[in-house]
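1. With the input below, show me the fold.
(2 chains)
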Protein chains: 2
Amino acid sequence: MSFTIGKIRGLQQITTSAGAFTICAMDHRGSLQNLLEKEWGRKIEFQEMVEFKMELCAVMSPYASAILLDPIYGAAPGIARGVLPGNIGLLVSVEATGYEASSAGRITKLLEGWSVEKVKRMGGSAVKILVYYRSDLPDIAKQQLKTIDEVASDCIKHDLPFLVEPVAYPVKGEKADSAEFAERKPVLVIETARQITELPIDVLKSEFPADLRYEKDEGKMFDYCSELNDVSKVPWVVLSAGVDYETFRQQVKIACKAGSSGFLGGRAIWQELVKFKDRGARTNFLRTTVVDRFKELADINSAFATPWFSKLGLKKNELAVLNENWYTNY
Amino acid sequence: MSFTIGKIRGLQQITTSAGAFTICAMDHRGSLQNLLEKEWGRKIEFQEMVEFKMELCAVMSPYASAILLDPIYGAAPGIARGVLPGNIGLLVSVEATGYEASSAGRITKLLEGWSVEKVKRMGGSAVKILVYYRSDLPDIAKQQLKTIDEVASDCIKHDLPFLVEPVAYPVKGEKADSAEFAERKPVLVIETARQITELPIDVLKSEFPADLRYEKDEGKMFDYCSELNDVSKVPWVVLSAGVDYETFRQQVKIACKAGSSGFLGGRAIWQELVKFKDRGARTNFLRTTVVDRFKELADINSAFATPWFSKLGLKKNELAVLNENWYTNY
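-> Modelled structure (predicted):
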């Protein structure tokens, strides 16, 4: 396996020097706005979303290998306001918020007016897409794979790393919180990893392959993660979704021990912030609890994460083979 | 003045958090090969050039805000071998080594098979061009300005910062080492700065506007630098050419006090390395003397350099004005 130079540079920019993904996600749009509106009991304006993210980005950047931002409220202000330092990697999402419901399931749309080319042009280090995905529904899965494949082609063209975040969802007759859906989770997540990483993508941002509200056996969780690691052709990281922090910490540790290359965590790390209407109290919680959590997760990465290049059978100092004519052939 | 987001991100990547250029140049090709062949008394092969640069890059990166590499021996191996960390900026040169001699003067050519687009694709943070330039020879200057302008357009297209390094040279009847040429130096360098920064470039990599073998008056040197600072429409940094380290240190200090945003230094910092045929002795000199020099220059930057955004009248946290539709209009 040999990587292209732009993808290597992008991966180096979003990982630690040891090759782990220690990334704070704050690319939320609809979900964050809903949370804030519910807690604050009023409409949340554009500029308030920007300010919320800018404070989060400013405080977390020094501890993160990279920050995941959205193109509307986050990425450009992060740069223009000097809140995202130049030495921290920048991931930018390309999907439209939410999804289109069809009889067959959820369909992901790309954000109109936005593109991989723009992520590259603005100095982004990598591209991320969230796709709702049911590995057991081949028709809708096929449509989603087609979208991923198109974005993957653009990422190859611009030589940018591509991270894919598939998220399972309940279809009719199922309930997300039920024991039945929890029981299906490992198979859904693992089969998804197998299907998605057949495509020319670079990193899988995976759900944890078990619902910890029902699954209490750490040995089983480890086995699921090992299976996920076996089927994934690319390095993978754990996403946090909305689980509580203690659960996420447990998931990251188990996943890393089973072969994961780190985490890309959002709400599990900072979601209580939305409860503080008072700016001072919010800042205080951010600078203490949220920072401490992130540092703890970074320590787990340092101890247990598999470097992205090792997962690919590469050495840190031998990531690509080059000859004298590299620059003309590139 | 308002910057585009890609240019801002690139400038943030190649500067310190305070906004200073603390950059180690090692993009030398012909000049370095000649030096090595002269000192080692034999032909120097491609791979030896690569190894020389890789060691230099590995040792200097932790102290630099960015590294300037060439596309043949340096940039791609630096990435592929993990020698250039992801959190250090990467500048890549686009000119062919040397120049084409014409009756009117020296003409710069771009490296065939290489381009701004490739610098962007590989994850470079900024583009650099060296041009031989005589501000008092309008015909040849016009040709050189045209080349710079073309590269500037490509950099705007790919939203990459563009650094231009004009270097004065003796024409017929002149001698580079003479008192006469030294006397013309301030005017040549200052007028060059005025002419070059009329173009849409982002940073001027300038010669020091005096020859210290002849000019001993620090007050005069400061005045020349202040004049250069006044005529330059963009942030500027001092290049080192082949002067000895003590001279370069003096130049950087005076230039920074007069408004420069730092330095982009090469041979003055590391040129004695070529004298060591023995790898162990060379490594030792690199890890001690060369590193100490660079740290000393970085300290001068910390104390005296003008942040690039300040030179442009911008604030670190207000580098561009964005509206809600930024992502669609970009």
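2. In a helix, A:P170, correct?
-> No - read with DSSP: H, G, I helix; E, B strand; the rest coil, A:P170 is coil and lies in no helix.
3. and the residue nearest to it when sequence neighbours are not counted, how many neighbours?
-> Nearest residue to A:P170, sequence neighbours excluded (C-beta to C-beta, 6 or more residues apart in numbering or on different chains): A:A176, at 4.7 Å. For glycine as for every other residue, the C-beta is placed from the backbone atoms N, C-alpha and C. Using other C-beta atoms under 10 Å in any protein chain shown, A:A176 has 10 neighbouring residues.
4. Check the contact between A:A176 and A:Y169; I expect there is one.
-> Yes - here A:A176 reaches A:Y169: they are 7.2 Å apart, a contact under C-beta atoms under 8 Å.
5. which other helices and strands contact the lowest-mean-pLDDT helix or strand in chain A?
-> Ranking every helix and strand in chain A by mean pLDDT, DSSP states H and E puts strand A:100-102 at the bottom, with a mean of 89. Packed against strand A:100-102 by the contact rule (3 or more C-beta pairs under 8 Å, 6 or more residues apart in numbering or on different chains; DSSP states H and E) you find strand A:105-107.
6. by contact count, what packs against the strand it packs on?
-> strand A:100-102, strand A:126-132, helix A:138-157.
7. helices or strands next to the following helix or strand past it in the packing?
-> Proceeding C-terminally, strand A:105-107 gives way to helix A:116-121 as the next helix or strand, assigned by DSSP states H and E. When contacts are defined as 3+ C-beta pairs under 8 Å, 6+ apart, helix A:116-121 sits against helix A:138-157, helix B:116-121.
8. export the ones you listed to CSV and tack on mean pLDDT?
-> Supplementary listing: the helices and strands packed on helix A:116-121 in CSV, determined by pLDDT from 0 to 100:
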stretch, mean pLDDT
helix A:138-157, 97
helix B:116-121, 98
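9. Most tightly packed of the helices and strands packed on strand A:105-107?
-> Using mean count of other C-beta atoms under 10 Å in any protein chain shown, the stretch among the helices and strands packed on strand A:105-107 with the largest mean neighbour count is strand A:126-132, at a mean of 24.
10. tell me the mean pLDDT for it?
-> The average pLDDT within strand A:126-132 is 98.
11. mind putting the helices and strands packed on helix A:116-121 in a markdown table, distance to B:Q143 included?
-> Compiled in a markdown table, those are given as follows (distance: least, C-beta to C-beta, whole Å):
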| stretch | distance to B:Q143 |
| --- | --- |
| helix A:138-157 | 34 |
| helix B:116-121 | 19 |
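12. Would you tell me which of those helices gets closest to B:A141?
-> Of all the helices and strands packed on helix A:116-121, helix B:116-121 sits nearest to B:A141, with 22.1 Å by C-beta to C-beta.
13. ranges for the strands of the stretch 201-330 of chain A?
-> In the stretch 201-330 of chain A, the segments counted as strands under DSSP state E, counting those that start in this stretch are A:203-206, A:236-239, A:262-265.
14. Packed most tightly, which of those would that be?
-> Mean neighbour counts for these (mean count of other C-beta under 10 Å) peak at strand A:262-265, with a mean of 30.
15. quick one: buried residues of stretch A:90-107?
-> A:L90, A:L91, A:V92, A:S93, A:V94, A:E95, A:A96, A:T97, A:Y99, A:G105, A:R106 (16 or more other C-beta atoms under 10 Å in any protein chain shown).
16. how long is it end to end?
-> Using C-alpha to C-alpha, to the nearest Å, the end-to-end distance of stretch A:90-107 comes out at 26 Å.
17. one step back: the least confident helix or strand of chain A: how far from the chain's middle?
-> Centre-to-centre, strand A:100-102 and its host chain are 23 Å apart (C-alpha atoms, centre = their mean, to the nearest Å).
18. what are the pairing partners of that strand, and which direction each?
-> strand A:105-107 (antiparallel) (DSSP bridges).
19. Give me the contact list for the partner strand.
-> With C-beta atoms under 8 Å, 6 or more residues apart in numbering or on different chains as the test, strand A:105-107 has contacts from A:Y99, A:E100, A:A101, A:Y132, A:R134, A:L137, A:I140, A:Q143, A:Q144, A:Y169, A:V171.
20. Go again with 10 Å.
-> A:98-101, A:131-134, A:137, A:139-141, A:143-144, A:147, A:167, A:169, A:171-172 (C-beta atoms under 10 Å, 6 or more residues apart in numbering or on different chains).
21. re the thing from before, got the helices and strands packed on strand A:105-107 as a markdown table, with distance to B:G19 columns?
-> What follows is the helices and strands packed on strand A:105-107, written out as a markdown table (distance: least, C-beta to C-beta, whole Å):
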| stretch | distance to B:G19 |
| --- | --- |
| strand A:100-102 | 45 |
| strand A:126-132 | 25 |
| helix A:138-157 | 31 |
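22. what's near enough to touch the closest residue to A:L145 other than its chain neighbours?
-> Distances taken as C-beta to C-beta, 6+ apart place A:L199 nearest to A:L145, at 6.6 Å, with adjacent residues excluded. Residues near A:L199 by C-beta under 10 Å, 6+ apart: A:L145, A:K146, A:I148, A:D149, A:V151, A:A152, A:S153, A:F162, A:V164, A:K233, A:V234.
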